[in-house]
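> Have a look at this fold, sequence not included:
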């Protein structure tokens, strides 16, 4: 079966989607012509939402599993279409609803009607009395069909095999293909030979309702064949491109049989296209994994592939056929003809097929052109796009010899499109999938989750975002989102992305400033670094594993979030905060300063390379600040090597404990700052109460530097009442002010300030000045 949209061309099943649509609905009587006893003079009633298909009716279907009964109208008002004394066969579970729709005041059930009785009955076409000389005069058989249900309607289905897939299958199964009708043309209008309705359209070119339905209903009323009519809003098939409603027509098409044995020597992959496709799906990496299930279900349940389309543009099927006297069709298979066609297409393009005299041109001297018909159908456009594995990947100098791409990347709608057709074509021609991996993304919605539409006015143009925020903000918005679902975008969302970008850029700016005069010579070896620097290297080694796995899995959100947390929490809010003092105030020979510069150089190298795939322009700018030159680019660099020896789980656990104590100290100082007892943390000399084991750890580090205080006292004594604590933490802090004078260079408050050669400075700064 083949659908027609009102651009007037054929659609494949995958190109159909369903939307609400208001249709006519009618209840039509089909009177029995060969019934006896109490069924004589009775009618079976059908219900349909496509009145225009009634002229093409060829049968009425029932389901042997449904309980049917014979009913008689007992009472109805004058002029009612369902008249007193008329008898109808209906599904027992649906009879009440049918009589309500028909405005019948009273009815009675006479008896049950078995499937065996129905199977031997024949009906009269409801329009037969109006034109006894046309198709309407043929008998309408009762046939069984599993597709008939008692969920809605009457329990019977009016069957027009040229306009419905189930109807068509019922007739093919019975070998009744000669009973098909072709009453409606490709423009959705009745053919000129159809009585009463010639030229009337089902839908107009604009997708609006034509006059066909109304005319059919009028004739059914004239024929006394209706018992009720109405309107119903229901889910109806539409073209996925134009969104116009469609009709179904039975038209000759070319198909690819996906369940036929290919006999091509590649049985190890499966004998049929369907078998191969279902096997190969599990040899592909799907991102997200749900994509695998979606495509597998589509391949598992799909019909044969409709390969032909009737359109004025496209790639032609480029074949010739001959109609034999026995009803079969022969396809011309001739290497010389095919070579001519290929040469013409190569030189002139596919339009050579449609040029005047094309048949004679390609067949001259090889075949008698008068005996062959040039097929003017074009290929399904999905066959075109599905060919990319061969013509883009296989046949280019830098392509893959086997025509297998590393990754196919597109939206979630392509499971029924590009991913689908590429897989079918590839397994048919070479036995394997055309891709090693498939990644799908959602679609862009506005901030409220609504689909973007020009008519609604909620569209956001990428160039506008780039102009206002910069290209990297747009890239970062994607990286921060779960692209496997639909993505929301709006001003507030972009402001949040901009804030993340600003914080990350500040981290990079700090490193560039600190490394301004550092040339990387004589770096401190990792083993010789203070514990704080070795902890930073440990975090880098941990992150390296996260980043590499994340990029390999296309988890850009996970990669960025891990790097962003490290840059803003571990670095800016902790490490930089602590080491600013050593970087600004220590002497050039200070181990802390030299180790900090060595680590910052390593961190800078890692972050710029790690973030280059996401923040392409920003990382290039930052890279060129330290590596200028026309031939220099961060995008020519590989991901940095990260020694596994930097990993130190024991050190990480130790510093996790140190940071936990620091959080309590910072909280206590913040209380005093808020109360305006101090202006900066360097004015504090807190007393920290911890257990003995924690005290031993803190005694091994410069905890005052870590807390950014001038002095600190760590004790295992019992804390006094009223000491500052955080919930679920055993550390207590008592605030005290630092004693001494403020160093004019490092701003620490220390007792020895003013006791050195350089006035107003502490001992550390005095040495640095010397």
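On my side now, so go ahead. The model shown is predicted, which means the values in this text are computed figures rather than measured ones.
> so where's the chain uncertain?
For the chain, residues meeting the criterion pLDDT under 70 lie at 1-10, 12-14, 133, 327.
> longest helix of it?
helix 649-674 (DSSP state H).
> I'd like to know which elements whatever helix or strand comes next after that helix is packed against.
Downstream of helix 649-674, the next assigned helix or strand under DSSP states H and E is strand 687-689. Under the contact criterion of 3 or more CB pairs under 8 Å, 6 or more residues apart in numbering; DSSP states H and E, strand 687-689 touches helix 649-674, strand 713-715, strand 732-734. Just so you know, the C-beta spots here come from the backbone N, C-alpha and C atoms, and that holds for glycine as well.
> what helices or strands is the second one leaning on?
Strand 713-715 is packed against strand 687-689, helix 692-699, with contacts defined by 3+ CB pairs under 8 Å, 6+ apart.
> got these as a markdown table, with distance to residue 603 and mean neighbour count columns?
Below are those laid out as a markdown table (distance: least, CB to CB, whole Å; neighbours: other CB atoms under 10 Å):
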| stretch | distance to residue 603 | mean neighbour count |
| --- | --- | --- |
| strand 687-689 | 29 | 23 |
| helix 692-699 | 25 | 14 |
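> Adding distance to residue 487, write those out as CSV.
As requested, the helices and strands packed on strand 713-715 are exported to CSV (distance: least, CB to CB, whole Å):
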stretch, distance to residue 487
strand 687-689, 47
helix 692-699, 46
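> Ok, which of these comes nearest residue 542?
Minimum separation from residue 542 across the helices and strands packed on strand 713-715 (CB to CB) falls at helix 692-699, 21.1 Å.
> Now do that closest one and helix 649-674, the angle between them.
Helix 692-699 runs at 80 degrees relative to helix 649-674, counting by axes from the mean of the first three to the mean of the last three CA atoms, to 10 degrees.
> quick one on the thing from earlier: comparing the helices and strands packed on strand 687-689, which comes out most buried?
Counting by mean count of other CB atoms under 10 Å, strand 732-734 has the highest mean neighbour count of these, with a mean of 21.
> what does that strand contact?
664-665, 667-668, 686-689, 719-720, 723-725 (CB atoms under 8 Å, 6 or more residues apart in numbering).
> change it to 7 Å
By CB atoms under 7 Å, 6 or more residues apart in numbering, the residues outside strand 732-734 that reach it are 664-665, 668, 686-689, 719-720, 723-725.
> List the single closest residue to the most centrally placed residue in the chain in space, sequence neighbours excluded.
For the chain, the residue nearest the mean C-alpha position is residue 412 (2.4 Å; CA atoms, centre = their mean). Closest residue to residue 412 apart from its sequence neighbours, by CB to CB, 6 or more residues apart in numbering: residue 440 at 4.8 Å.
> sec struct for that neighbour, please.
Classification of residue 440 using DSSP: H, G, I helix; E, B strand; the rest coil returns strand.
> any idea how far residue 292 is from it?
10 Å (CB to CB, to the nearest Å).
> What of residue 519?
From residue 519 to residue 292 the distance is 51 Å (CB to CB).
> Just want to know which of those two has more residues nearby.
Between residue 519 and residue 292, counted using other CB atoms under 10 Å, the more crowded position is residue 292 (17 against 9).
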